[in-house]
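**Student:** For reference, the sequence and a predicted model appear below.
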Amino acid sequence: MIEQVIWQTQSPEETHLLGQRLGHWLKEQEQPMAIILIGDLGAGKTQLSQGIGQGFGIQGTMTSPTFAIVNTYEVDGQFLYHFDLYRLEEEEELENIGFYELTERGKSIIEWGNKFPEALPEEALVLTIEIMDEKTRRFMVTSPIFKMDELKVLGGSYVYRH
Ligand code: ADP
Ligand code: MG
């Protein structure tokens, strides 16, 4: 059974703050690392990504990579690759956009990662976002490499207590 931790936010602002936490964490990781975001339109992928970018130290606005497929940022010599796989049709296209090279080299945010589950890196957090009601979002968090306790610490006050 895959271990899962649930985080929850009650507003877009909280999702942004949660993202900032994740961005700080991502920046501090010594190995390549991806945050994979799965969720319907309006789930909060963009809100969270912008928070992650701020926590990572990106100055200014992050635009959506929907058309570019990948946007690249650099902070203090560290790269952050922000992917949106929504418009890709074939897994082979990942090769052309440098997906494997980049995710193996640096830090990344991958939106719509569920389109190509086989292609995703192992060193990752997988966040499946569920819309609970107008203001509540639940983040089902799994990872091939992190333990539940670590995912709880990472979520901090956003850990959902049943
Ligand atoms: P996506 O990129 O997944 O399509 P967005 O981040 O663009 O989603 O949009 C999320 C929408 O949901 C925004 O309009 C935001 O104001 C609203 N919202 C309401 N509650 C939350 C919450 N807890 N977290 C994130 N967004 C929320
Ligand atoms: Mg979006």
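**Tutor:** Structure's in. What do you need? Note that this is a predicted model, so its numbers are computed, not measured. Ligands and ions are numbered 1, 2, ... in the order given.

**Student:** what number of residues lie near the closest residue to residue 75 other than its chain neighbours?
**Tutor:** Spatially, and ignoring its direct neighbours in sequence, residue 75 is nearest to residue 57 (4.0 Å; CB to CB, 6 or more residues apart in numbering). Any C-beta I mention is one placed from the backbone N, CA and C, and that applies to glycine too. Number of residues near residue 57 (other CB atoms under 10 Å) recorded here: 15.

**Student:** Please apply the same query to residue 158.
**Tutor:** Per other CB under 10 Å, the neighbour tally for residue 158 reads 20.

**Student:** My understanding was that the residue nearest to residue 75 contacts residue 76; is that so?
**Tutor:** Yes: if you go by CB atoms under 8 Å, residue 57 and residue 76 touch, sitting 6.7 Å apart.

**Student:** Walk me through which strands the helix or strand hosting residue 130 pairs with, and which way each runs.
**Tutor:** Assigned by DSSP states H and E, residue 130 falls within strand 124-131. Strand 124-131 has these partner strands in its sheet, going by DSSP bridges: strand 33-38 (parallel), strand 137-142 (antiparallel).

**Student:** tilt between the next helix or strand after the last one and strand 137-142?
**Tutor:** So the one you mean is strand 137-142. Next along the chain after strand 137-142, taking DSSP H and E as the criterion, comes helix 148-155. If you take axes from the mean of the first three to the mean of the last three CA atoms, to 10 degrees, helix 148-155 sits at 150 degrees to strand 137-142.

**Student:** The helix ranked longest in the chain to helix 148-155, inter-axis angle?
**Tutor:** Counting by DSSP state H, the longest helix found in the chain is helix 12-28. Counting by the same axes, to 10 degrees, helix 12-28 points 120 degrees away from the direction of helix 148-155.
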